[in-house]
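below are the sequence and a predicted model; questions follow.
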Amino acid sequence: MDSRFRSIKGMNDILPSDSFLWINLEKLLREHFFMAGFREIRTPVLEYLELFVRGIGEGTDIVDKEMYSFRDKDGEMITLRPEGTASVVRAVTEHNLLKQEGIHRLFYLGPMFRYERPQKGRLRQFHQFGAEIFGIADGSIDGELIYLGTSLLLKTGVKESDFVVKINSLGCQSCRKNYRESLVGFLNQSKESLCDDCKRRTVTNPLRVLDCKNEVCKSITEKSPKTLDFLCTECSAHFGEVQSSLKCFGVKSEVDHRLVRGLDYYSRTTFEIQIINNLLGSQNTVIAGGRYDSLFRDFTGGDYPAIGFAGGIERLLEVAGKDILAAKDEFRISFISSVGLFEETDLRNIGKLREAGIETEVDLSKRSFKAKFKRADRIKSSFAVIKGDDEKNGGYYTLKDLRLSMNSEEKQFRINADELVNEILKRRKV
RNA sequence: GUGAGUGUAGCUCAAUUUGGUUAGAGCACCGGACUGUGGCUCCGGUUGUUGGGGGUUCAAGUCCCCUCACUCACCCCA
């Protein structure tokens, strides 16, 4: 508050008290995807504006009003990525990965940017992880990918009773076209009762009326035509494969006819994993995705089936078990000395401790011995290495085990510098 | 972009229904009891433009207006 500067709205600092949770979650994510045959891809945070306009689609809110776009020094319009899939597909086609190396599974992890009003579970700079599988149209892959999402949640300590998996199928482009016509016809019958937003949406993006939160609109769309009734034979069979695959993976899911998703590139399968324990407030979707078989065609002309999902890291952290992500094996020592008694040999010995993998803090402040011990206690040091006048004259250190109770005999004793590392390592496990 | 709520010490919060004297407490921090030793206890100490600006009043943390920030919700999304 008395600082002259503030971070930009919706762009938060991740402080040391939290950063270890992030580190552990990122580690867990990488291992999870690696075990399933995924490899990490890191694409730039900046892309040409055109990539997202083409990829996500004109008319979507993301493209129309949420992107950080600006002109680069050479006049090109560039954009801070609002999501990951478009960049991954761009990289895969640009480097011809599918043909060159036959890589089918990629995951990513990093910051995304959308200009929105911040609220719970929503920031302007937020972080997503995502997984994409390329080149396989089979519905069983859809099931596996969804399973990868649910099993990830379980690993982070989210209880099975705290989330639901919702699935739907939008069909291919021709199914979608027929459905859209039928839906618009239906909506026009009740046009007067719809909310203002939905009146507009009936024209611009009728599918979106389905997930309006207005109660009146909800009750109207209760009886609306369903996408599943308009699937062609192939799309219908595909959705059957998805469902039986989910059953094989032991994933409980429910069909949600309202699940239409906001990005243009989805086709056939769409899904969401929602948290239902109220920890996320209104933004309760933690992982969401779907199939986007047409995106490659738009980018290259070639046909590649693809499916993927994205998850919100901040949202996941909200619901994950903090004990699972907590730092483990914390072990450190404090090097405490009277003012002015540090010598070159002390610094060398501190270096040796650190090289041996022992986290060592040196208290170089001018405060009292007492204060230094207090700090050692506060940062939860396991040992104190003490250097005062006695130690200096005698040519030894005093080692004190701060974990032991006051009256323990082993608590404090003299030790030579060359035994220090071994002695601490030996006692580390006790 | 729209709507609602909240801003008091580093943190969490008080401040007597309806304005009243020097704005308090816990935690944290610093020091002492313990002259080279943490945790427990006790004692003492520091900390504020009450988010900012303007107004009403003899008097404003308290009432009014403006502004800023944060939070939540809508829109939309991870």
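Happy to help now that I have it. Small disclaimer: the values here were computed from a predicted structure and weren't measured.

give me the element A:Gln128 is part of.
strand A:125-134 (DSSP states H and E).

that strand pairs with which strands?
Paired neighbours of strand A:125-134 in the sheet (DSSP bridges): strand A:105-113 (antiparallel), strand A:306-312 (antiparallel).

most packed of these?
strand A:306-312 (a mean of 23; mean count of other CB atoms under 10 Å). For every residue, glycine as well, the C-beta is placed using N, CA and C.

ok, and does it reach over to RNA strand B?
Yes: applying CB under 7 Å from any atom of the strand, one finds strand A:306-312 in contact with RNA strand B at A:Ala310, A:Gly311, A:Gly312.

ok, back up a step: how far does the next helix or strand after the strand holding A:Gln128 sit from the chain's center?
Following strand A:125-134 in sequence order, the next helix or strand is helix A:139-155 (DSSP H and E). Centroid separation for helix A:139-155 versus its chain: 15 Å, with CA atoms, centre = their mean, to the nearest Å.

now helix A:139-155: buried residues?
A:139, A:141-150, A:152-153 (16 or more other CB atoms under 10 Å).

just give the nearest non-adjacent residue to the spatially most central residue of chain A, would you?
Chain A has A:Ile313 as the residue nearest its centroid, 2.7 Å off, counting by CA atoms, centre = their mean. The shortest distance from A:Ile313 to any non-neighbouring residue, by CB to CB, 6 or more residues apart in numbering, is to A:His127 (3.9 Å).

okay, now the domains of chain A?
Per the record, chain A has its domains at A:16-172+A:232-325, A:332-428, by automatic domain parsing.

and the end-to-end length of the first one?
It refers to domain A:16-172+A:232-325. Across domain A:16-172+A:232-325, the terminal residues are separated by 14 Å (CA to CA, to the nearest Å).

same deal with stretch A:131-144?
When the termini of stretch A:131-144 are compared using CA to CA, they are 12 Å apart.

return the residues of the stretch 301-430 of chain A in contact with RNA strand B.
Residues of the stretch 301-430 of chain A lying near RNA strand B (CB under 7 Å from any atom of the strand): A:310-312, A:314-315, A:367-371, A:373-378, A:384, A:386, A:388-391, A:398, A:400, A:402-406, A:411-412.

before we move on, the earlier item: closest to RNA strand B among the residues of strand A:306-312 next to RNA strand B?
A:Gly312 (2.6 Å; CB to the nearest atom of the strand).

rewinding a little: wait, doesn't the residue nearest to A:Ile313 sit right on A:Gly312?
Yes: contact criterion CB atoms under 8 Å: A:His127 and A:Gly312 qualify, at 7.4 Å.

any idea how far A:Gln173 is from A:Asp298?
Going from A:Gln173 to A:Asp298 by CB to CB, to the nearest Å gives 12 Å.

between those two, tell me which one has more neighbours.
Higher neighbour count among A:Gln173 and A:Asp298: A:Asp298, with 14 against 10, using other CB atoms under 10 Å.

quick one: the more buried one and RNA strand B, what's the gap?
Using CB to the nearest atom of the strand, to the nearest Å, we find A:Asp298 at a distance of 17 Å from RNA strand B.

any regions of chain A where pLDDT drops low?
Filtered on pLDDT under 70, chain A yields the residue ranges A:1-3, A:101-103, A:262, A:328-329, A:430.

gap between A:Val63 and A:Thr93?
In terms of CB to CB, A:Val63 sits 20 Å off from A:Thr93.

in the host helix or strand of A:Ser17, what counts as buried?
Assigned by DSSP H and E, A:Ser17 belongs to helix A:16-35. Within helix A:16-35, the residues that count as buried by 16+ other CB under 10 Å are A:Leu21, A:Asn24, A:Leu25, A:Glu26, A:Leu28, A:Leu29, A:His32, A:Phe33.

which of the residues you listed lies closest to A:Ala356?
A:Asn24 (23.7 Å; CB to CB).

ok, the closest one - contacts?
A:Asn24 is in contact with A:Ile324, A:Leu325, A:Ala326, A:Ala327, counting by CB atoms under 8 Å, 6 or more residues apart in numbering.

need the buried ones from these selected in PyMOL.
Selecting only the buried entries of the contacts of A:Asn24 in PyMOL, with 16+ other CB under 10 Å as the criterion:
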select buried, chain A and resi 325
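
reformat the contacts of A:Asn24 as a markdown table; add secondary structure.
Supplementary listing: the contacts of A:Asn24 in a markdown table, determined by DSSP: H, G, I helix; E, B strand; the rest coil:
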| residue | secondary structure |
| --- | --- |
| A:Ile324 | helix |
| A:Leu325 | helix |
| A:Ala326 | coil |
| A:Ala327 | coil |
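
just the contacts of A:Asn24 now: which is nearest RNA strand B?
Using CB to the nearest atom of the strand, these come closest to RNA strand B at A:Leu325, 17.5 Å.

was I right about that closest one contacting A:Thr156?
Yes: here A:Leu325 reaches A:Thr156: they are 7.2 Å apart, a contact under CB under 8 Å.

now the common contact residues for those two.
Shared contacts of A:Leu325 and A:Thr156, defined by CB under 8 Å, 6+ apart, comprise A:Leu25, A:Leu28.
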